[in-house]
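Q: sequence and predicted structure are below.
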Amino acid sequence: MLTTPLNELIVGIQQRLADQLPAVDLNGWIAGRPVTITPLDQQTIELVFHGVPQVSEAEVRAVRRVLDMPAFCSVSPEGADALRVTFLCHVP
């Protein structure tokens, strides 16, 4: 079960992604893609962007700026023509 502060943090992340990511994702590769946000524990949240056609360091940096918290990023294949971009975020 999510604690209220963690739930509020996730809602805030969703809002920031919706409001800010389209403006900073200049190639449009990540903005608007399906994203899942999963709390792993009280200090770690996983964000997974699905069906990303390609990604560069610019998109990774843009997402990190929007998240405004320490985050590790990994990229893995998701089907023949898409990528899964995962951010593990440390909750302050």
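A: Right, received. Where do you want to start?
Q: ok so Leu47 is a strand residue?
A: Yes - under DSSP: H, G, I helix; E, B strand; the rest coil, Leu47 sits within a strand.
Q: residues in contact with it?
A: Residues in contact with Leu47, defined by C-beta atoms under 8 Å, 6 or more residues apart in numbering, are 13, 35-37, 63, 67, 86-87, 89. Every C-beta, even on glycine, is put in place using the N, C-alpha and C of the backbone.
Q: next helix or strand past the top helix by length along the chain?
A: The residue-count maximum for a helix in the chain (DSSP state H) belongs to helix 4-24. Sequence order places strand 35-41 as the next helix or strand after helix 4-24, per DSSP states H and E.
Q: partner strands of that next one, with direction?
A: Strand pairing for strand 35-41, determined by DSSP bridges: strand 44-52 (antiparallel).
Q: for the following helix or strand past the partner strand, buried residues please.
A: Next helix or strand after strand 44-52 toward the C-terminus (DSSP H and E): helix 57-67. Buried residues in helix 57-67, counted by 16 or more other C-beta atoms under 10 Å: 59-60, 62-64, 66-67.
Q: got phi/psi on Cys89?
A: Note on Cys89: its backbone torsions stand at phi -110, psi 140 [degrees, to the nearest 10].
Q: wait, it sits on Ile45?
A: Yes - contact criterion C-beta atoms under 8 Å: Cys89 and Ile45 qualify, at 4.7 Å.
Q: show me what the residue nearest the centre of the chain bridges to in the sheet.
A: Nearest to the geometric centre of the chain sits Leu47, at 4.3 Å (C-alpha atoms, centre = their mean). On the basis of DSSP bridges, Leu47 takes part in beta bridges with Ile37, Phe87.
Q: repeat for the one 5 residues further on
A: Here Val52 sits in beta bridges with Leu83, going by DSSP bridges.
Q: distance-wise, check it relative to Phe87.
A: 12 Å (C-beta to C-beta, to the nearest Å).
Q: same question, Pro5
A: For Pro5, the distance to Phe87 equals 20 Å [C-beta to C-beta].
Q: more crowded one of those two?
A: Neighbour comparison, Pro5 and Phe87: the larger count goes to Phe87, with 21 against 10 (by other C-beta atoms under 10 Å).
Q: that's all I had, so thanks and see you.
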